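K.L.:
got a predicted model here, sequence first, then my questions.
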Amino acid sequence: PILSSLDVIRDSDKVGLAMQEILWNVYPARSDHHPGTLSICLGMPVLIKYNEATEAGVTNGAEANVVGWIARPIGGGKETLDVLFVRLKTTASTVKVEGLPDNVVPVSAYTKSIEVQLSDDSKVRISRTQVPVLLNFGMTDYGSQGRSRPYNPIDPNECRNHQSLYTCLSRGTSWASTVLVRPIPMQVAKGRLSQQLRREFQHLELLNEITRLRYI
C-alpha cells in the first residue's frame, strides 16, 4: 500500500517493512473490509465485497468458492493477487464468461483509499490494491437477511434477542439442513419486543385503521 499524503504531512509515500507487516496483519473489520492479506486455497468459500459486474452476479454480498487465481511475486516469498476466479453459489440464471466454465467469474484487484485503524487505535490512510473478497466461514444475523441458506448452522448463544434468533432460523431452506451447535437459551427465545419495535407496530396498526376507514 501507499501512505496517503491526506492523512498527515509525510516526507515519503513509501511504507517501511515493519509498518507493512503491521498493515498486513490488521483485521479486515479495521480496514474497511479491504484486507491486507488473503489466505486462499481451491474451494475456499468467499464473500465478494464489490459490485464488479452486476449483470453477471458479481455483486457486493455474493457468495462463491475459489477455483483458481493469477498472482505475481512481490519479494520475500510473497505474492500479490491480480485476478481471483470464483464459482458463484447462487445465480438467477447461468453466468457464462468466455473461456470459463458456467458460473465461474473473474474478480480483479482494484485500488481503494481506506482508513486503517491500528491495534493502538491510531488511524492511518492508505491506498491498497487487493481483490475485493473476504473469507466466508460464518455470517452475522444482519448479514444473512434476505438470503436462503441450504446449509444453515446456527450458534444461538451468539443471538442477542429473539428477533436475531428468528432471523437465523428463517434463513435455512429446511429443518433437515438447520443445525443448532448449542441449545437455545430461554432468555433469548422468550425475549420481549423492544419499545422502539412496539411503537413501530402501533404506528402500523394506526395507519392500517386510517386506511380502512378512508377507503373501505
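P.N.:
That came in fine, so what should we check first?
K.L.:
low-confidence ranges in this structure?
P.N.:
1-13 (pLDDT under 70).
K.L.:
and the helices in it, which stretches?
P.N.:
For the chain, the helices defined by DSSP state H occupy 17-24, 141-144, 162-170, 186-189, 195-215.
K.L.:
mind listing what's buried along the first one?
P.N.:
This points to helix 17-24. 22-23 (16 or more other Cβ atoms under 10 Å). (C-beta placed from N, C-alpha, C; glycine too.)
K.L.:
which other residues reach it?
P.N.:
1, 15, 31, 36-37, 116, 118-119, 124, 126 (Cβ atoms under 8 Å, 6 or more residues apart in numbering).
K.L.:
with the fourth one instead?
P.N.:
By Cβ under 8 Å, 6+ apart, the list of residues contacting helix 186-189 from outside reads 156, 159-162, 164-165.
K.L.:
of these, select the buried ones using a ChimeraX command.
P.N.:
A single ChimeraX command is used to select the members of these judged buried by 16+ other Cβ under 10 Å:
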select :156,159,161,162,164,165
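K.L.:
ok so, going back, out of the helices of the chain, deepest packed?
P.N.:
helix 162-170 (a mean of 17; mean count of other Cβ atoms under 10 Å).
K.L.:
which helices and strands sit right next to that one?
P.N.:
Packing contacts for helix 162-170, counted by 3 or more Cβ pairs under 8 Å, 6 or more residues apart in numbering; DSSP states H and E, involve helix 141-144, strand 152-154, helix 186-189.
K.L.:
show me the contact partners of it.
P.N.:
Residues contacting helix 162-170 (Cβ under 8 Å, 6+ apart): 141-142, 144-145, 152, 154, 156, 159, 178, 184, 188-191, 193, 197.
K.L.:
go with 7 Å
P.N.:
141, 144-145, 154, 156, 159, 178, 184, 188-189, 191 (Cβ atoms under 7 Å, 6 or more residues apart in numbering).
K.L.:
got the CA coordinates for that helix in PDB?
P.N.:
The C-alpha atoms that make up helix 162-170 are tabulated as PDB, following Å, rounded to 0.1, in the frame of the first residue of the first chain:
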ATOM      1  CA  HIS A 162     -35.500 -13.500  19.800                       C
ATOM      2  CA  GLN A 163     -35.500 -11.300  16.700                       C
ATOM      3  CA  SER A 164     -31.900 -12.300  16.000                       C
ATOM      4  CA  LEU A 165     -32.800 -15.900  16.600                       C
ATOM      5  CA  TYR A 166     -35.800 -15.700  14.200                       C
ATOM      6  CA  THR A 167     -33.600 -14.200  11.500                       C
ATOM      7  CA  CYS A 168     -31.000 -17.000  11.800                       C
ATOM      8  CA  LEU A 169     -33.600 -19.800  11.900                       C
ATOM      9  CA  SER A 170     -35.600 -18.500   9.000                       C
END
